[in-house]
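Enquirer: Sequence below, structure please.
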Amino acid sequence: MSGWSELPPEIIHMISLRIDNRFDLIHFRSVCSWWRSCSIQTFPPIPSLRCPLPPDAGGCGDDCHILRSRVYLVTSLSHDPPRFWMFKLQEEENGSLALKSLLNRRTSSQRGVSYPSLLIDLLDSQVTELVQEHVACYTNWWDGDPYKREQPIGFMRLDGENKEFMVLGRLSFQGLGMYRSVEDRWTEIETTSGPFPDGITSFNGQFYVIDTVGVTKVVNPTLELNSFQQSKTCDKTRRRWFVKAEDKLLLVEMCTDNLEEYRRPHLLAEKGWFKVSELNEERNDWIQKEDAGDRILFLDNNCSFSCFPNQLPGFRPNSVIFKDIFGHYGPQVFEFGFQGFRSIGEIPEYCLFFPSPSWISNVYYVLGHETHDVLSD
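Expert: Sure, this is the predicted structure:
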């Protein structure tokens, strides 16, 4: 074999089957005509992973499944300098897609619209996956009426073919429960009720959960549970998020001097701040850092991630971008070294990203024989 262009067809086909990102598949098929002819033609629909809860008397949770969303960065190479936009694609229970703007829970499917495709010219654009989020979705009941409920979970793949997985969450249980697909059942790890989790994630083969009083619980795949508290505790923390940053796990905390400042939106925006700590696995402790280490931290509903400024030119390093927890101000920004939060609208370069820049306003999806603007329909 003289080079990559002469790989055997069965090898190329096998690789294409293992690509779990539709944009990566398009890039893969675009390498050369030989690769395109040997690989799968379209990205196969991915049905949601099911993890039915033990049903109660009302049938709550027997339809529990995992919703996965991916955050993408689109770079327009036809502009000088290049322009950028971030968005989410959520994989629905039936394998279809729904568009989600970053820092916004609403999807195109919730508005009664099918969403078969984004029309993006990949000859002039680069699409990069930044992060994936997983939530558990199941039916719950309130006053005799069913409604869909989404809950944050920790999610872990167990094989390269994306068939076996583990889930950790507090869903219909009093405490934490773990689902392992190979056993097709949930196991309660804690049977007593405690503070509800502020954050939950998987990292380096273990699950991490932190509650509203700052206790971190570590659960490994064998169901062994350990817990610890930060050696330097802080009574000013009001909310917590986990953020994966390369090979590190960060704990991001929103703080105020007192509860009154947290409960009043205008005082929170004026006097709130964030602090960042890094997990030390050997010591089972969170080590506080001076700032975000030149990173830009994004805190979304069930999905938080970090980027460096060279990935997002125009974004300011050592900053936190997050959704206003009270829904009064829209997306907000905190910059280390400054007190208080600012609205995205106060920073001109950030306005280009939320909800969408003007250059991408002609992104459409097709419904029947009609064409609709996916961002304003």
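Enquirer: State the distance from Glu282 to Phe84.
Expert: Distance of Glu282 to Phe84, given as CB to CB, to the nearest Å: 38 Å. (Each C-beta comes from the backbone N, C-alpha and C, glycine too.)
Enquirer: So for those two, which residue has more residues nearby?
Expert: Neighbours per residue (other CB atoms under 10 Å) separate Glu282 from Phe84, with Phe84 holding more: 21 against 6.
Enquirer: Centre of the chain to the helix or strand containing that one, how far?
Expert: Using DSSP states H and E, Phe84 maps to strand 83-91. Strand 83-91 sits 11 Å away from the centroid of its parent chain (CA atoms, centre = their mean, to the nearest Å).
Enquirer: Who are the packing partners of it?
Expert: With contacts defined as 3 or more CB pairs under 8 Å, 6 or more residues apart in numbering; DSSP states H and E, the packing partners of strand 83-91 are strand 65-76, strand 97-101.
Enquirer: Single out the most deeply packed of the ones you listed.
Expert: Sort these by mean neighbour count, taking mean count of other CB atoms under 10 Å, and strand 97-101 sits at the top with a mean of 21.
Enquirer: could the helices and strands packed on strand 83-91 be laid out in TSV, adding mean pLDDT?
Expert: As requested, the helices and strands packed on strand 83-91 are arranged in TSV below (pLDDT from 0 to 100):
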stretch	mean pLDDT
strand 65-76	88
strand 97-101	76
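Enquirer: Which one, of those strands, ends up nearest to Glu349?
Expert: Taking CB to CB, strand 65-76 is the member of those nearest to Glu349, at 15.5 Å.
Enquirer: mind listing what the closest one pairs with, with the direction of each?
Expert: strand 49-50 (antiparallel), strand 83-91 (antiparallel), strand 125-142 (antiparallel) (DSSP bridges).
Enquirer: bridging residues for Met166?
Expert: Met156, Arg180.
Enquirer: My read is that it contacts Gly177, right?
Expert: No - in this structure Met166 lies outside contact range of Gly177 using CB atoms under 8 Å: 11.3 Å.
Enquirer: show me what contacts Glu335?
Expert: 316, 318-320, 342 (CB atoms under 8 Å, 6 or more residues apart in numbering).
Enquirer: picking that back up, I'd like to check the angle between the strand holding Phe84 and strand 97-101, please.
Expert: 140 degrees (axes from the mean of the first three to the mean of the last three CA atoms, to 10 degrees).
Enquirer: what is the mean pLDDT for strand 83-91?
Expert: What strand 83-91 shows for mean pLDDT is 82.
Enquirer: again, but for stretch 284-303
Expert: What stretch 284-303 shows for mean pLDDT is 91.
Enquirer: Run a quick neighbour tally on Ser78.
Expert: Quick note: Ser78 (other CB under 10 Å) scores 11 neighbours.
Enquirer: Could you pull up phi and psi at the spatially most central residue of the chain?
Expert: Centroid-nearest residue in the chain, with CA atoms, centre = their mean: Cys303, separated by 2.7 Å. Dihedral pair for Cys303: phi -150, psi 110, per degrees, to the nearest 10.
Enquirer: From Glu93, how far off is it?
Expert: 18 Å.
Enquirer: what's the answer for Ile15, then?
Expert: 28 Å.
Enquirer: One more: Asn220?
Expert: Counting by CB to CB, the gap from Asn220 to Glu93 is 30 Å.
Enquirer: now swap in Asp211 and tell me
Expert: Taking CB to CB, one finds Asp211 at 29 Å from Glu93.
Enquirer: Would you map the strands across the stretch 151-300 of the chain?
Expert: 154-157, 165-169, 177-180, 185-188, 197-203, 206-211, 215-219, 225-229, 237-245, 248-255, 273-280, 285-289, 296-299 (DSSP state E, counting those that start in this stretch).
Enquirer: Now do the first one: distance to the chain's middle.
Expert: If I follow you right, that is strand 154-157. The answer for strand 154-157 is 12 Å, by CA atoms, centre = their mean.
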